[in-house]
Every structure is written in C-alpha cells, then in structure tokens.
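Engineer: what's the 3D shape of this:
(chains A, B, C and D)
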Amino acid sequence: QYEPLLSEKNSEEVEVDSPLPDDLTRDSLELPALEEPELARHYTRLSQMNYGVDSGPYPLGSCTMKYNPKFTEDVAALPSAAVHHDRSDRSLQGTLGLMHGLQNYLAEIGGMDAVSLQPPAGAAGEFTGILVAKAYHEANGEGDQRDEIIVPDSAHGTNFASAALAGYEVVELPSGDDGRVDLEALEAAASDRTALFMLTNPNTLGLFERDIEEIAETIHDAGGLLYYDGANLNALLGQARPGDMGFDIMHYNVHKTFATPHGGGGPGAGPVGVVSDLAEFLPAPRVREREDQRSESSERASDGTPRATDGGAYERFDPENTVGKVHGFEGNWLVLVKAYAYIARLGDEGLADAAEKAVLNANYLASQVDYEVPFEPFHHEFVASAGDQDAADVAKRMLDYGVHPPTTKWPEIVPEALMTEPTEIEGKDTLDQLAEAFDAVATEDDETLANAPNRTTARRIDQTSAARNLRLSWQSLEGDAE
Amino acid sequence: QYEPLLSEKNSEEVEVDSPLPDDLTRDSLELPALEEPELARHYTRLSQMNYGVDSGPYPLGSCTMKYNPKFTEDVAALPSAAVHHDRSDRSLQGTLGLMHGLQNYLAEIGGMDAVSLQPPAGAAGEFTGILVAKAYHEANGEGDQRDEIIVPDSAHGTNFASAALAGYEVVELPSGDDGRVDLEALEAAASDRTALFMLTNPNTLGLFERDIEEIAETIHDAGGLLYYDGANLNALLGQARPGDMGFDIMHYNVHKTFATPHGGGGPGAGPVGVVSDLAEFLPAPRVREREDQRSESSERASDGTPRATDGGAYERFDPENTVGKVHGFEGNWLVLVKAYAYIARLGDEGLADAAEKAVLNANYLASQVDYEVPFEPFHHEFVASAGDQDAADVAKRMLDYGVHPPTTKWPEIVPEALMTEPTEIEGKDTLDQLAEAFDAVATEDDETLANAPNRTTARRIDQTSAARNLRLSWQSLEGDAE
Amino acid sequence: MSGRHESGDRGSPYAPHTADETAAMLDAVGADDVTELFDIPESVAFDGEFGIEARSEREAERHVRGLLSRNDDLTEFLGRGHYEHYVPSLVDHLSLRSEFLTSYTQYQPEITQGFLQALFEYQSMLVELTGLDIVNASMYDHATALAEAALLAARVRSTDGDRVLVPDYLLDQRKDVLENYTDGAGLSVETFATDDGNADADALAEAIDDDAVMVYAENPTTRGTVEEGLAEIGALADDHDALFCLGSDPVALSILQEPASVGADVVVGDAAALGLPTAYGMGLGLFACREDFVRQVPGRLVGASEDAADKRTYTLTLQTREQHIRRERATSNICTNQAWVALRTAIHAAYLGPDGLVDLANDCVRLADDLAGRLDDVTGLRAPVHDRHHFREFVVHTDQPANAVVEDLEAEGFAVHAVGEHEVQVCITDANEHAADRLVAAFEEVA
Amino acid sequence: MSGRHESGDRGSPYAPHTADETAAMLDAVGADDVTELFDIPESVAFDGEFGIEARSEREAERHVRGLLSRNDDLTEFLGRGHYEHYVPSLVDHLSLRSEFLTSYTQYQPEITQGFLQALFEYQSMLVELTGLDIVNASMYDHATALAEAALLAARVRSTDGDRVLVPDYLLDQRKDVLENYTDGAGLSVETFATDDGNADADALAEAIDDDAVMVYAENPTTRGTVEEGLAEIGALADDHDALFCLGSDPVALSILQEPASVGADVVVGDAAALGLPTAYGMGLGLFACREDFVRQVPGRLVGASEDAADKRTYTLTLQTREQHIRRERATSNICTNQAWVALRTAIHAAYLGPDGLVDLANDCVRLADDLAGRLDDVTGLRAPVHDRHHFREFVVHTDQPANAVVEDLEAEGFAVHAVGEHEVQVCITDANEHAADRLVAAFEEVA
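Structural biologist: Residues are numbered from 1 along each chain as shown, chains lettered A, B, ... in the order given. The predicted structure follows:
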C-alpha cells in the first residue's frame, strides 16, 4: 500500500516569466503539478497511514496525549481570530481580551503572579524562563557569578539544552535511590554560582517531590531561583500549584495540559509564569487592563474574563526590564485560542477532575500490567521496566496490538523503561485493552519482538540506513529504486 | 478489526423525570452513554471502514461520483446560511437571491424557462415533473384520458416507480437493437392516453438518442409531453440542452452533475425545469425578482446573479396553478447552496470542460478494458459485458484491487452488465489503474471471483442471511453472538 | 494542475488532465479532438453561452459569502416543524470526514461497513425512542414520511378504504404533500377538529369509519401542545382497522409517551431536530413502524448479517422492495435519501446520551413554560393561548394585529411566526434561550 | 456520558468514566477515593478555587466567539513579516483530519508514515525553492530560525569569531530574538547600513572582517524591496569565511533569484505565508542549508529508508543532534515544532503547483507596483519611497504625520503600518486586492 510521492505523480518545470528584470529572478521552477481531487486523495491516504489520539490509546509518557476537543478548532478558525499583530490595540480588543483572560487563567492555575504567552513551545518557555532568571541575577549584580543551572539527571532533555543555549554550565544532579531529588546532593550542588534549579513535579517517574519545600529553601538560600517544568502539570490541576511550592518561574505546555492538538510535532505554546518580583523581566509585549480600566477592577467578572468598554479595556505593554523577545511576533496565537477555549469549557471542577482521572488511570493501568513498576507512588504516569526485554522492541511489538506504545528507554534510572501516561481521556475498557497489549508482549520471546511490527503500514524501519545513506528530499532519491 | 456497536460500548437506562405529568411521559430511556473522545474514535474508525470518492476511483455507472469541492462545504456551513424558512422575504434576501441565481443557472444549462428547486432528490424531481404534466393535462381537460406514461425498458427504476406513485399506468418501451429508442415502437405506444414519455439522454448505455427530434415530434403529436431524466446531464453540459431537443420537463440531479456530495446515500436535490407553458404548474413557492425590480432587468448582471436593493430584490411567490408542495418546506437548501457554489466556480468553460473530460475518460477507459462493450458510441459512461463471468462477482473481485466497481447487471440489455462512469475527475493514471483492475479480473476463474473479496474490511457478505433472519436494530441482535 | 485552472478560465479545476495526458488519451481512442467523441446531431447541439462567469475558489467563496450576507441577522424564535438545537462541533468534524461524505449508497457493503454500521445504529436509537421495531435509513422529511405512511397504510390494510384522517392543526404544507403523494393511490385526506390545540378524540370518533386507512396525530403538535389523548386516538384507529400514525421528533420522544405504548403503528417526523442547524426547512424524514409491515416499508433498511469469515457485518437488506429492482411495484420511488443527515443525527444523539436527551427535552418544556409566563405578563399579550402543556413552542394572543407585531419584532431583530390575525407563535430551545430576555423586552416594546 | 457533563459541573467532559467504572478502578488499585492516590504534602496542597466557571460546549463556544467579536473588522494591508494569501479550503479540510492533527512527533515511524511522508514532501519542495540540499521539518518562526542560523554559523566556522552582521532594515523584533538566542554563545549582532531599501554592499564591505561568522540579508526586504546585490553580499561573506544567510518565504522564492545561486549557505524565513491565514504573527520557521552542515542542523529531519520488507519508508533521522538524546550538546533545544503548519504549507504549495506559485508571486509584484502608482497620484503621498522593485509591500511618504494617517485610515476601516514619522507601509496580495480601490479612496480622504 505504497502512496507515491507528489513528485512521482506529476511534476512540471515551468519557466519563470516575471515583470521583474531577468537578473533578479530564477529561470525555472519544478514542482508537483496536481489537481485538487488528486491532492485530496493523496493526503487522505497519507492520513490513513498515520495514528493519532482519535485513532486509539496514545499513552506516550511525558507527552500528555489528550483528546483535542473539536470545538476549539472551530473558534480558532473564526474570521475574527485571523488578525495581524501590527494593528492598534484599540482595534484588537478581542485578541487582547482573550490573551488577558488566558494570562489570568494560567496565573491562577499555576499560582503565579504574571504570565507571558509569547514562547511558542515548551522548550522556548524554558529558554524564556532562563532568560528571566538571568536578567534577575544581572539586575542584582550577580549575572556573571551565577553561571550554573542545576538539572536532575531524570529531567527532560530540553532542560539541559535550554540551559546550554542560554550560555549556562549545566550541573547534573543524580537522583536519589527513591527516584526523587537527593537533598544532600542538592545542597552540595547549590552554591553562589547557582542561577536556577529546574525541576518537574511530579517528576519524570511520576513521583511527587515531597521535599519540595526543603528543595526550594535550599535553592533560595543559595540565592538561586527555582524553575518548574510544566510538562507534568496535568497531574496537579486543582490539586497543587507550583507557586505554592516555592517555584519562582514555570512554563505551561498548553498542548499537553490544555489539550491543544500536538499536530504531528507542533505547534504548541509554552507560556511562562513568574512570581511578582520577576514580572518586570518577562518578554514584551504583555497584555494588561488599561489604567483607567484597572481602577474599576472590582467590576471584573469572577472568572477573570475580560469585559469590553468603549475605549478599549486592554493594551499591550513592555515590562519595565523586559528580556525582550523570544518569538518574532507574539507566539502561537491560534494555539492560545484553543487553550483558552479548553479552560473556559472545563472550569475549576473540570480541571481538577482531569487531574484526578489522569492519576486514577495511570494507577489502574499499572495495576493491570505485568511489567514491574519500580517507583511509586506515581501520579499521572508510571515507568515500568521491560526487564530482560528490549524496551524499544516491546514498543514495536505493541504496535501489532493496535495501540500506540509508551515512551521507551527513558528515564534511564529505570532499566528498559516503559514510560506510560494514559491521561484522563481513556475509559476502563481502553485501559484494559492497553493492559492486554502490554501483557501479551510481556510473554513473547525476543525474536518475535525483534521482528515486530508485522501488522502495521510499514514493517520495522531501518534507522541505520536512513542515517548512513541520507535521503532528505525527493531530489536525493534519484536513482534510488522504490 | 471489529468495531463494537455504540450499545456494546456502554448503554445506560435513565428514568425520565420531567416537569410534565407522569401519564404524558415515558418511564425510562435506554441509549448509548459515551463521552466525546470515545465517540470521536468510534466514528473515526467507522469512517476508515468506508470508501468514498476521496478514497479512490468510484466509477459507479449512472451515479456520477464526482469530486466534491471542499469550499462548497464551507459556504454551506456559514452562519448566514442557517436560517429558518418561515421568515419574511425582506429578511431573507441572501437566501432568495441565491435561489433565484440557481434557478437561472439551471434554466440556462438545461434550456428551460422556469425552475423549481423544491424536490429533495432525483426521484422526487421525477414525481414533481409528473405532477406538473398531470396538472397540464387536467388543465386541458385531458386529465382522465391521459393515464399512461411511457418509459424505455432501460430507464432508471425510479422512472417506473415515480409514474406509478402518481397513479399512472406504466407502458414499458422495448429498446431497439441499437440500444436506443425504437421509433416504430414509440409510435405504436404513443396515443391519446399518453401523458408523458420519460427519457434520459444519453441513455443508460451512454448512447445519445440521435432521433430525439423525431421522438419529440412523435410524443407531441400524440398530445403527450416529453420528460428528461437528468441523471446523465453531465455528458451534455455546454454541449446540448434538453430544452433545445424538445423536452418539456426535466429534473437535475445536483449531487451528480453539480458535484454536491452523495453523503452515503443522500441528501441530494432534484430541481425541476419546465418550458414556459408549464411554469404555472410548478411547486410553490418559487423565487422571482420583485416587480419593481423586474422592470429594471436590463441592469441584471450578465451571469444572472442577483443584486441587492434597499427594498429587497427577491420574493417568493406561488405559481398561478401550482401543483402545491412536494416537500414540507422548500427542499434541501444546504445542498442547493453547494450546487450554486460549484456552478459559480466553474462557469461556462468549466462546465463544458467537465462534460468533455467525462466523455474522454469514459472512452479512454473503455479502450483500455478487455471486456466487450457492445454499444457505442457512448458518451460519459459505457456498459461492458462480463460475458461468461458473473458481473456481481466481477465487482466483488474488483474490490480486492482497491477500486470501487461499476454498477452491475443493469441495464439488462447488456448481459452481465458492467456500467462504468469514471466522470471527469480521474486522470490518466487512475484510469489506467482502473483498467488494470478490470483486466486482471477478466482473466480470473469463477471460483476466485466467487470467493472475493479477500482484502477488504469485510469478506463477502451473506445477503440471504440478512434477509431471512432480519436484524434491523441492535435490539434484534440480542442473543445473536458476534 | 490547480494553478493552471485557478481562474477557471481553461476548464474544470476538478479535471486533472495535463495537455500531454489528454493527447495520449485521445490517441488511444483514435480521435483528434474530444468533440469527435460526441454523437450529438448538429441540429440540437448547443453553441450558445450560459453567460456564467468562471471564478477562482477565492472569488467563488467571496461571491457566495457576499450573497448570503444579505440575509438579515435575526434571532429566530421559530419552529413549526423546523427546530434548532445546538449542534456539537463533533457532529461537523466527524460527518465531514470524506470517507462518509463522499460515498454513495452502500451497494458494495464489503467496503462500506462504516456507514452501514452508523445507519444501523441510527435505526436502533430510533427503535428505542419510538418503541417500534422497524426504522428505515431515512426519508426526505416529515411531510414525505407522513405521505409514505399513508401509502403504506393503504397497502397493508386488509380491506378497501380511502380516507386519511388528519387533525386540523396539521401544517398546510404537510397536508399538501400528503395529498400530492396519495392522490395517485386514490386516497382522500380529511381533517378532523381539534380541541384547545389537541386532537379532539370526540371529533375523530365521529369522523372515523371503516373506510379510514389511517389516522394521524402529532406529539407535540404544530402549535406546540403536548397531546393528551393519544391512547384514545390509537384505540379509535384500531377499532376501525386503521393505522395510527404519530408525528414527533427524537428530542420530544426522549420524554413524551412512547409511541408504541399508545398504539402507534407508524411514527414519522423530522429527525434533523438533532444533527442539523436551522437549514431553511431541510430535514430528515423519520420513518418507524411495526414489524408486521417490514416488507411494505419504503426506503432503505440496514440489517446485520455475516460475512464469509462469519464475522458480524451490515448490509442493505430487503432491497426487492426498492425501485431499482421492483420498479413500478416498489414500495416507494425513493432512491437518494438523507443518509448523511441520519449520520449526523446519530452522532448528535450519541453525544447527548440518554441523560443529555432527557435534559434537553425537559428544557424544551421548562423554557416554553417560562417564556409563555413572561409574555403573559406583558400588556397586550396572552400566553399560552392553549391551556395545555407545551414543548418548545406556544401560541400567543396579541391585542395588536399579529402581522404588525411580527413586523415590529423583525425591526427589533427577532423573528416569530404569525399564525392568526391576533396570534403569533414563539419557539424557544437551548439555541436561542440566551436571547429570551431581549425578546421579552422587544415584545414589551411592540405589543 | 456527554449529557452528564454537558454543563461541565461534574468533572471533565473529556474523561469518560462512569461511576461504576471509577469504583471498579479504585477497587483494583486498593483505594477508597482518588484523592488517596495523590502523594502531595498537605502544606503545598491547593484547596482554593481558580474561580473559573465551567461551561457547556455551546456556552464556551459563544463565550470565545463573543470575546473575539470585539476585534474590529478592519481590512488589513499589513505585512512586515506576516503575510496573508488566500488559503484554499482543501488545506483546512485535509490538515484537520484527526490522524494528522491529533498525532505527535513520529517516534514510531511504522504507524506514522503519513505525516512523515508529508514532511518529507515539505522538505523537498523547499529544497527546490531554495536550491539548498537540506531543509528541516520546521522551526517556530522566521526570527528563531534566523537565530538558529547564527548559532549554526558559529558552530560550523573553522575559526573563532563572534560578529553577526545584519542590515538595518531587519525588524527590531527579529533582531531582539537573534540577540537573545546568540547571547549565550557570546555572539554580538551588528548592523550595517542600507541604501535605498536594499542592503548596502559597500557598507557591508567596510563592516565585515574575519570575526564575522554570518552575514544576513533578506529578499524581499522588510520594506518590501527586491534585493539587487545578493551575489555581491554572498561573495563578501565567502571572502571572510562567514556564512551567508538569506531571509525569504516560499511565495517570493517562486520567482526571485534562487538563494543557492547567489551563494546563500542558509535560508530562513516564514513559510506560513502559504498555509496559514493572518494569525497574529504565528508562523512557520523555514530552515534550509547546504549539505555540509547536515549534522549541525537544528530541529527534526525526515529521511527516506527501507523497512524490513524492503519497502520505501520515511523516518526521523540524525536524531542524535537533538535534545532528547544529546541534551546540553544538542544542536538546538527545540522539541515541539510547527509540523502541522508545515503540513498545511505543503498542501497549499502543492495546490498551487509551479504555475500557480509563479502566478501568485508575479501578482505580488504587479499589485504592489500598481497600488504604489495609484497612491503616488494621491495628493500628499509619495510612493514608493524606495526606487526599487517591490514585492507585496512598499513604503509611502505621507505629508501628514504617519500616525495620524494610520489612525484616520483605521476609522475608515483599514489597517496599514506606520514605519516612520512620515512613512507608512502598505502590503497587498490576492487576499486584500479586492479592497484596493476602497483603500485608495480612503487615502484620498485622509492623506
């Protein structure tokens, strides 16, 4: 069931004939030339060769693959959302009002005082948070001195990369035997060179860092700041807030926690929240109520939603000591619209229920799975060990059972890790189906696993060939027989 | 890959507790109870077990399975299209304007003088046309006398059924040896009992009734009217018009000719056009320009599109001697919007090109197919004969080659008929793929065919079991093991 | 390619032929030009112009959008057979999946199991709602379903008879369709009186005789009242060997008396009250009946079966009833139906579930009751006119001429029905309740 | 079921648990209540309220629609890095197919061949448009792609150096992102002068030295001019072993000089000029470079491979460059990218085809030329300010203060940029050309 490349269906090379002088133009352009019915079939077929959340369970640990409510697509597609950023504030009260509302929602949910919606993804949020920390230390005259960022060994790879991108030394903190932060090791690592400690909580093993208050104290005593990686926020909605735990900066992954679609890799959005002392450093612009409006703040709706006034209630402003910009304009707006709509749909109770059901689902699924789960009590995700089996092969074999496998081989503290996050959207039947797949694979021999998958669109794909004989475009395929 | 019924996933019986008195309400209601993510997956899976035009070639003869342009869905989904029919004309100028424009488009395309958009499907159009003919004869005092409708043996089943529904005797006209109307037989059949002769042209063999003018004369001389079944109009767009051939009444299948989606069986729309003498009998209401506007008709746009004025340019009216209503309200409005959008997109040249490419495709495909095609020259469709093979089995086997088969076993004038209509939307590659499927099956033995299909979601389905052991709801499945 | 046809001026944008392909294909069929393939006598060939301008997609989209924007943006409190409930986004997204939307009738069930199962599920949900065993895969609308019911009644009745008895609240349009459809079968449609918005069983008792093939009633009625004498009507019909046909819709059926329990032999209605927004009267003909009539049912039926691997499958069944096989002896002339609307209705019903349906139906009672009460408080109005329970809609007496009230309300941005010289009818659901306060204020202004 | 949660008041409408299921699951894990499963110290547990009201889908939809409706309905003649071209309906319908939309990164290529192939096709089309061999599967936007280009330049350069040279027409916002991203690597961003809207090669020649790691230019420039000295700039960069990075977009690249032909080592830009409507600046970071740098490329790369049955397949490749494997030594910190926008861009580009792209790009030249000419005829205006060729947009000199002109135009329903005290900038494409006459009239009114 091979679907030809567009270029294999029909290509045409056209001469470029333009009103511009010839020396400013190219000579010709060769690209696929197909009509709409052919394209409709091409992409329909490609879609049928792809697995999404609407196809079945997708318990990819650390990725929070929630159901994406359809109505959020509709509101993001409204003509009134299709605006250019470079218009007057007065003419953009709808957009600014929504952004202001989302800033408030996120601040409440995270226990933060101020939020920037600009970072276009989680990693961009991390980088933004680090820039804010850097600006803070610089403002305190400690910019040069504080050149280290502490990151637990079990942290997301982006934490390390974002710290490095910002020019910091990364100090890797080994986990304790219980899979959590080792307080003694942290004390040893923290110093007057510490700019920031980045932590996710629950951590990547799904464990809540019970010592979070001591952790915060240790870092703050050393003069550092505490950063919350929002990847696992789904476990805490309405249950606990990073701000209440002593975190100074955090990012939110709206494509995880707030159910905006993952889109095959993106776009997401990674808003950053901070405590009040750091608000002055957030990226520019942010949105606020206009001063003449702010005085009437007692009239604000109870849920923080904006209200219109004739003069326009909202305006953009640059925080006093802003780090500047982390996106050319103002981030992934359409994604933010969907996140806002999701939060406005669920409300307090829906959000809290999402966390509860996510945690219940992870615990129930783990109880039905034969693989050992070394660390508990876990929350929204658990990391099982494939034991003597190769976790990557386990994943391939699970494909044959019609489900998406968990994240594999990470975090490394669990040998042959199967990092599993079912989220709240799965019912018992689906979890049982998932458990059956796990347990069937658990009994199978290595050869069966190594030869998997067999029932998928493609059989096992040769990664070595892809990397050794690089073919990154159809132009590079010439002479390469199908 | 069995997808459970909704009821098998989760059902709940709820007690009906209502503000109404108990004796006016039911006690309880038992229905599937599922959340949105589960429904999304259920219907996504069901869709993946279904074949549409966007899945591949769909050369179902007589059904004109065209590509359905996506943008027509968008305009039909506009909030401004979601209106109630029972509003004032003044407040519905958009809807009435579009309907007036579509009436004009269709009248032009068919060479008719007046059009009603009310019939909700082709068969309803036929029935409406017959009612108009009946009203005409009644007005002439010949209502009782003219109690016969002549229908060629190769006509669509709906022709017979619609005539019977209207209370007419059906006189079946045997085809001539050339597959066309036998003029002598027609002369013999036509009489002062003839109310109507129903004909499609090109006929169901794809042959143009070259004697159409003599046919018209014969019928008109007998005092009857001539009806054009619009099922095959796609072959004639911009090439010839029923009105110019002497037809008095016709229907249009907008879901065939004008590319509105077939929707798994419907909805379609079957507008009816008539010559001026019959306009007074059309269903009520129709749409016209208001009198004060009509006097300024010289200002009308060249393509007949409507223009707004302050007072409202359009109004509904009841034709003087209307047959009344054939639909509770005013037909399948959303389908009409899509048809209008399609015609407005293609224009004269696009429509003419559609017919030309449809005819080219049928001829090219036939030239590549090994099965014999007894009758020619055909236009937009051809009827091949499976010869010694069973045409229904041929169709089942074609499924294994990933294509939708043609209509089978009809018209009966061709033994083991394979009635094939590729439409204009297929390119040469797809036609070649179709021809390969035909030709592969042509070489296969009866057993292979009888055991087909093997590569589809379901294997050959037992029709006898379905009819003998009727299970028409999940309630009837109880005790019936999967 | 698309670009070439973007302005539509060189042919159909949906015909993918390159010039080279066209040439190769012509060559294969031995023609120099595509016009040679047409066998149309010159005398009837068309060489004129329609005068229809070709447009790019963007132009066509703007053109239609511009046309439709001339509809005034009124808040509608309209019903009378065409109802709007909020349609969840899921319904659009799933029903627009092209495998559903661009398919046709399931003549090849092996590759159309998805739509067949969806229709089977539609049938099953309506079986539960009606209490009748047979539901077909759709008719056009309420009116044509009613007409088909009368024809079925005439076919299945053991003795002759030609009278179809309908209450005088039956919408004129539906009565007209009924007459048009049944005239060919020699039936006559007769009206019996109503009593305060309900069918009057006494009047029916007087009108009915053994020539009656069918008695019809609605619940709720066109005037919004909940019928209170259905069992009596059903018994009267039964006494005279006439079928009892009940008109309703799936929202109302969620709480109102189960039709089977009051003796209904056939249920018709507009099932698009779930699944479609207001659509200028476009609907979905619900048709349900007792099992006895299964071989006389009009339209398509989806049944369960087994495939060669003995797996549960679905297929169209009893096709010998249909026109493409039985021709003039078919149970109906219907071919293309409203299957895609039935798919949408099924998704919408499944989205609501039993709780959601009951809640929605109860809202239709409460909202109408509440709004009628508020309008009754307005000087110059009296509501509801009928001393009955109401569902979704009710009639209001206006001291001012109804037409003037309707016109004035339109100027205020609202649409209601004028149904008598001094009567307007108002319909309220979840789709317009947000504007109820404003409607009351507008009535206060104009009444 | 949905009904139960319709008002959102009993939990998440997207968690399907029935009460029975929840009980059974709790039983299986040995907990009486779900709260027992949380291991959160009481001292940090949250027992407050966010105060966010739960809404039904209908209420939520109306709420967001109501909010957004407060955006004025202006006709935008805006560009400066964020462009709108008509997006064909096909792009929406296909990209919204849930198998695409609801999937994530293709960590399991065996079940994600569809998205991988679509990204491979995206990469390939941009290879043709840029003339460079490597295109990644997306960055966030033009600005971050530019910043990543500078970091790549610093990594691949054989000798030390810390200067990044950019023309002074570079948007402030992009320069700011560039500085933020490159500060950690110790780079400094320096501006060189421009000459009548183009980069000034003489100024660059004076500014450049062997400490320059990268030289940047745009075509078309932020001020809408077509660059005329690209080959010269490329040669200057080459002379000093600096990378030449060019900013553009896929529409412009359809007719403008192929970047590879003028010595570009990297091409960045916003590819969402195809695929997205105006989206408040949301974009798609195009990143293309020479094959030499393939192991230093930031972001994801899709490559062809074979599966165990030796069939052509696609997979993410060279993942050891990425953060989830290489961590602090990764080529970038990017993880979630803009893949779905790349899918849309690919569909849009394929829809247009080479003819359509060239036609669209030529329209961008003609429309800008024509509109500039018409505005030049308006008293009080002079256009274009730069004596250059233009693409989509151009700067207009206004005798009135630019801010007043912009404000007055807004009152007339139009949005343009103020870019100087007496300069406004106007952008015209197929998406707003229908309003050009009205814009000219409005300028006549206010200029």
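Engineer: switch to C-alpha atoms for all contacts and neighbour counts from now on
Structural biologist: Fine.
Engineer: what's the burial count for the residue in the stretch 251-400 of chain C that chain D sits nearest to?
Structural biologist: With C-alpha to the nearest C-alpha as the measure, the residue in the stretch 251-400 of chain C that lies nearest chain D is C:G356; the distance is 3.6 Å. When counting by other C-alpha atoms under 10 Å in any protein chain shown, one arrives at 22 neighbours for C:G356.
Engineer: next one: A:D277
Structural biologist: Using other C-alpha under 10 Å, A:D277 has 11 other residues around it.
Engineer: same question, C:V405
Structural biologist: Residues near C:V405, counting by other C-alpha under 10 Å, number 23.
Engineer: ok, now which ones touch it?
Structural biologist: Going by C-alpha atoms under 8 Å, 6 or more residues apart in numbering or on different chains, C:V405 touches C:398, C:446-447.
Engineer: equivalent analysis for C:G263, please.
Structural biologist: C:G263 sits next to C:231, C:234-235, C:238, C:244 when contact means C-alpha under 8 Å, 6+ apart.
Engineer: for residue 284, give me its contacts.
Structural biologist: Because you didn't say which chain, this covers chain A. A:317-319, A:322-325.
Engineer: if you could check chain C rather than the one you did, that'd help
Structural biologist: Applying C-alpha under 8 Å, 6+ apart, the residues contacting C:L284 are C:138-142, C:269-272, C:338, C:341-342.
Engineer: follow-up on the earlier one: so which strand or helix has the residue of the stretch 251-400 of chain C closest to chain D?
Structural biologist: When secondary structure is defined using DSSP states H and E, the element that contains C:G356 is helix C:339-376.
Engineer: which elements pack onto the helix or strand just after that helix?
Structural biologist: From helix C:339-376 onward toward the C-terminus, using DSSP H and E, the following helix or strand is strand C:381-382. Helices and strands touching strand C:381-382, as assessed by 3 or more C-alpha pairs under 8 Å, 6 or more residues apart in numbering or on different chains; DSSP states H and E, comprise helix C:339-376, strand C:393-398.
Engineer: quick one: least confident helix or strand in chain A?
Structural biologist: None of the helices or strands of chain A scores lower by mean pLDDT, DSSP states H and E than helix A:291-294, at a mean of 66.
Engineer: who's in contact with the residue nearest the centre of chain A?
Structural biologist: Most central residue of chain A, judged by C-alpha distance to the mean C-alpha position with C-alpha atoms, centre = their mean, is A:N253 at 4.2 Å. Neighbouring residues of A:N253 by C-alpha under 8 Å, 6+ apart: A:121-122, A:230-231, A:268-271.
Engineer: and of those residues, the nearest to chain B?
Structural biologist: Out of the contacts of A:N253, the one with the shortest distance to chain B is A:G268. That distance is 20.5 Å, counting by C-alpha to the nearest C-alpha.
Engineer: returning to what we had before: please identify the most buried of the helices and strands packed on strand C:381-382.
Structural biologist: strand C:393-398 (a mean of 26; mean count of other C-alpha atoms under 10 Å in any protein chain shown).
Engineer: for A:G311, give me the pLDDT.
Structural biologist: Reading off the confidence values, A:G311 has pLDDT 50.
Engineer: roughly how far apart are A:L278 and C:S89?
Structural biologist: Shown here: A:L278 relative to C:S89, a distance of 40 Å by C-alpha to C-alpha, to the nearest Å.
Engineer: so which of the contacts of A:N253 sit within helices?
Structural biologist: Applying DSSP state H to the contacts of A:N253, the entries found in helices are A:G122.
Engineer: list the contacts of the residue nearest to C:G229 when sequence neighbours are not counted.
Structural biologist: If you skip the residues right next to it in sequence, C:G229 has C:A201 as its closest partner in space, 6.8 Å away by C-alpha to C-alpha, 6 or more residues apart in numbering or on different chains. Shown here is C:A201, whose contacts under the criterion C-alpha under 8 Å, 6+ apart are C:229, C:232-233.
Engineer: now do the strands in the stretch 51-200 of chain A.
Structural biologist: A:114-116, A:148-152, A:169-173, A:194-199 (DSSP state E, counting those that start in this stretch).
Engineer: direction included, what does the shortest one pair against?
Structural biologist: Here strand A:114-116 is paired, per DSSP bridges, with strand A:272-274 (antiparallel).
Engineer: next helix or strand past the strand it pairs with?
Structural biologist: strand A:286-289.
Engineer: could you list the low-pLDDT ranges of the stretch 251-400 of chain A?
Structural biologist: Segments of the stretch 251-400 of chain A classed as low confidence (criterion: pLDDT under 70) are A:293-311.
Engineer: which residues in it form strands?
Structural biologist: Read by DSSP E, counting those that start in this stretch, the stretch 251-400 of chain A holds these strands, from start to end of the chain: A:272-274, A:286-289, A:314-317, A:382-385.
Engineer: hey, which of those is tucked in deepest?
Structural biologist: For the strands of the stretch 251-400 of chain A, average neighbour numbers computed from mean count of other C-alpha under 10 Å are highest in strand A:272-274, which has a mean of 32.
Engineer: since that was my last question, I'll sign off now.
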